[in-house]
Every structure is written in C-alpha cells, then in structure tokens.
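Trainee: fold the following and give me the result.
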Amino acid sequence: MSLNSIEEIAAFIVADGKGILAADESNPTCGKRFDSIGVESTEKTRRDYREMLFRSKGMEGNIGGVILFDETIRQSAADGTLLREIISNQSALAGIKVDKGLQPIEGCPGETLTVGLDGLDGRLKEYASMDAKFTKWRAVINIGEGIPTDNCIDLNMQALADYAKCAQDNGMVPIVEPEVLMDGDHSIEQCYEASARSLKSLFLHLEKNGVNIKGTILKPNMVTSGKGCSEQAGVGEVAKKTLDCLKNNVPAELPGVTFLSGGQSDLLATAHLDAMNKIGGFSWRLSFSYGRALQAPALKAWGGKTENILAAQENFSLRAKLNKLASLGKWEEALEVL
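Mentor: Numbering: from 1, shown residues only. Below is the predicted model:
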C-alpha cells in the first residue's frame, strides 16, 4: 500500500464502506471481557484472541484500520509473525492508542481530563518506526447535574487538538474521540447539547492549532438517550439527531466520521449507522470504529478454546461485513442470521 500523505491514509481507512476495529482495550478492560467468558487474561491469551480476530477472513475489504494497545503493537503471533504485519497482510493499517487515561479536574466534580501529552512526541516517533499509520486519543465528557462545564470541554478539546497536531507532525493521522458517555438518565436532547458543545469546541481548537482537517478522522458518540433514561429514542430519532449535530458542527472537508459504539448492542450500533447512511446528505464517509459491537459475538463463541477459533472468526467476519453494509446504507435486519 503506497500511501504518501496523511490525507491519503485517512481516506484509505474509510474508503468503500470500510471501518475501524477498535482493539485497543487496556489490560484491565481486557481482563473484564475475559472474565465474562471464564478465561484468564494473560499476555498469551490476549495475544491469541487478537491474533484470531486479525486473521479472520472478514478483515479484508471490511476493516481499513485496527487501533492497537501498546502491548499488541509489539507482539508476535504464535508463528512469529508480528501482529501488525498480519493486519497489513489483510490490507488494513495498524494504528495506536496514545493517550494515558483520565485524571479528575480540580474544582470540577465528576469531570475528567485525558492526559498523555508529556513525552507524546517521543512515543509517536517510536510508533511511527513500527509502521503505525494513525493514532487515537479519547476525551470523556459526562452528563450530570451542572455538567459538562465549559472548562471541562475546553480543557479536553485543547488536549485533543495538541495531540492531533503532534501526530500530524510525525506523519500520522490523528483520530480525535470526544466521547459523551451514555451513562446516566439524561434525555437525547441533553446528549445533543453536550455533543454539539464538544464538537464546536474541538474544531475551533483544531483550526487554531493548524491541524489539517483532511488528514484527521473524527470518532464521536451517536446522539442517544442515556442508558438510564425512561424514554429511549428510536433508531430514526437517533439517526436524525446525530446527523443534525454533525452537520451543524463538523467541517465538510473532514474525510471520515467513524462512530464509537459506546455500550450499544451489536444490532443497534449497526442499525443506527445504516439509518444515517440511508438518510444521506453529507460529504464525509460515515462509518464505524467499534470495539465490543464488532467483537462481542466472537469473544463469546471463542471462550478461550482453540477448537472454537473458526466459529469465532465467522462471527467476527459477519459483524465486520454487516457494518460495512451499514456504512453504505445497504444493511437490512434480515441479514442478521446469528
């Protein structure tokens, strides 16, 4: 793959309905997932699980990029092949999560700032030497009484913009992820407001920092009701409100919007994406950057057993294919055969 600029890399990742596999779970998060299937989380079991996903037939043509965790980008498969080479052999690009997690913001109860700018340039140079073509940084915005505050949004979006500039200066595409959490009993209107404020602030900071928008990918939440809200918005309302929020706050020259699933079920994450693409009327590629919503059926089928690898790969491949169809507005619920 001869990709000579960040603009070409960004366009490649989301071309033809392809999306991103988010496989950048930290070791504690991976541990929780493995606990659910009764498998101990070790360096080997994490390696085996991710190798299984990356070798799946459904990777090629459906997945344009894979976000990795630091451990994974350094790992080799059982046969000695680097995991990042397996990804490349599937015609996908390897990317890397580079933020260092969340810290409380002083004077802002219930709010956090994503950290990791210290030493970032050095880390990016190392990852570039490992052929990472793109990077990811996640900001977290909570909805609650009196929050999110303007201070929280501003601090997080400034950090996202500083990271994005540093990534581009090192020849890598930044994925900027301003996640408004689904946790809470807030309405879809409150989610819309918090999402709009976050996106508006983000693109102001990106512009101020001189970030090349054509070499950037946005990974936002969809505009949904809070998990605990008594009134859950339907697929059509989520699609319409999410599109309205994006159209009002996201520049047309951005190449791709790859949604996070954020705790949605596999089916809903796909249905929402498809509904938006069926509505249309936007210039960006509207695709996916899913973790659980791509992996959950495969994880369950695998159960840590070698004899289940083929079935698990088939489950993953189906979800990858169905989400590609959703990115093209061609998914139908009747295709959900599992």
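
Trainee: isn't Lys240 right up against Ile279?
Mentor: Yes - at 7.1 Å, Lys240 counts as touching Ile279 under the criterion of Cβ atoms under 8 Å. Placement of C-beta: from N, CA and C, glycine included.

Trainee: Gln103 - that's part of a strand, no?
Mentor: Yes - assessed by DSSP: H, G, I helix; E, B strand; the rest coil, Gln103 belongs to a strand.

Trainee: list the buried ones in stretch 269-280?
Mentor: 269-277 (16 or more other Cβ atoms under 10 Å).

Trainee: correction: stretch 324-334
Mentor: Neighbour counts over stretch 324-334 (16+ other Cβ under 10 Å) mark 324-329, 331 as buried.

Trainee: which helix or strand contains Pro174?
Mentor: strand 173-180 (DSSP states H and E).

Trainee: for Phe259, grab phi and psi.
Mentor: phi -70, psi 150 (degrees, to the nearest 10).

Trainee: how about it, what does it touch?
Mentor: Phe259 makes contact with 219-222, 269, 272-273, 286-290 under the criterion Cβ atoms under 8 Å, 6 or more residues apart in numbering.

Trainee: sitting in helices, which of those residues do you find?
Mentor: Mapping the contacts of Phe259 onto helices (DSSP state H) picks out 269, 272-273.

Trainee: now those residues in a markdown table, with pLDDT?
Mentor: Below are the ones in helices among the contacts of Phe259 laid out as a markdown table (pLDDT from 0 to 100):
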| residue | pLDDT |
| --- | --- |
| Ala269 | 97 |
| His272 | 98 |
| Leu273 | 98 |
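
Trainee: chain center to the strand holding Pro174, what's the gap?
Mentor: Averaging C-alpha positions (Cα atoms, centre = their mean, to the nearest Å) puts strand 173-180 8 Å from its chain's average.

Trainee: tell me the mean pLDDT over it?
Mentor: The pLDDT scores in strand 173-180 average 98.

Trainee: immediately after it, which helix or strand?
Mentor: Immediately after strand 173-180, counting by DSSP H and E, sits helix 188-208.

Trainee: just to revisit the earlier point, and which of the contacts of Phe259 is nearest to Tyr49?
Mentor: Tyr290 (16.2 Å; Cβ to Cβ).
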